[in-house]
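In: Make a model of this:
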Amino acid sequence: MKRSIAVVSAILFLAAAGAAEAEMTTIYGPVYVTKAKKEHGHHEDKTKLTFTAPVPGAGKIVIKNGGDGGKKSRVASAEVELNGEEVADEHDFNKNVTELTYDVTLLADNEMEVEVKSCKECELQITVMGEKAAPAPVVLPTR
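Out: Residues are numbered from 1 along each chain as shown. Okay, here's the model as predicted:
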């Protein structure tokens with residue numbers, strides 16, 4: 001009897017732990033990044049994006065190569081950094097790559113730098129997924 005109670009307890013614990021796993025949702029984007037343009041004679045190579053994460057920790061960056069433009073707008077070379085760490089380098093991209101997904105660690109405040117190195121008509125669509133914030137606790141009025 002004790003053994004079956006222990007087994008049932010373990011199964012319920014594991015089921016509850018799986019159910020408690022955080023739900024991933026879009027926390028930033030989609031944003032579209034193209035090759036940076038020259039302004040006032042100065043060429044800015046990287047596009048800087050900043051965003052906050054409702055729950056710091058596990059996240060994903062999803063990059064759709066070509067954005068909404070499809071195959072004719074795909075990037076052949078690009079680099080992506082998140083908080084100073086390389087996420088994707090130029091070798092991850094080519095005209096046959098449609099989508100890339102990277103597991104990342106998100107901070108409360110994040111900075112992403114994206115450099116599209118090939119063609120002026122190309123674009124990347126970038127979406128950041130993160131844990132959905134827990135709902136605020138309900139406070140019942142006291143009598």
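In: C-alpha only now, for contacts and for neighbours.
Out: Will do.
In: distance of residue 111 from residue 120?
Out: 24 Å (C-alpha to C-alpha, to the nearest Å).
In: got the CA positions of stretch 133-140 in CSV?
Out: Taking Å, rounded to 0.1, in the frame of the first residue of the first chain, the C-alpha atoms of stretch 133-140 are listed here in CSV:
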residue,chain,number,x,y,z
ALA,A,133,4.7,36.6,-17.1
ALA,A,134,2.6,35.0,-14.3
PRO,A,135,-0.7,36.7,-13.8
ALA,A,136,-0.8,39.2,-10.9
PRO,A,137,-2.2,37.7,-7.7
VAL,A,138,-5.8,38.5,-7.0
VAL,A,139,-6.2,40.5,-3.8
LEU,A,140,-9.6,40.1,-2.2
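In: chain center to that stretch, what's the gap?
Out: From the chain centre to the centre of stretch 133-140 is a distance of 26 Å (C-alpha atoms, centre = their mean, to the nearest Å).
In: again, but for stretch 91-104
Out: Per C-alpha atoms, centre = their mean, the centroid offset for stretch 91-104 relative to its chain is 13 Å.
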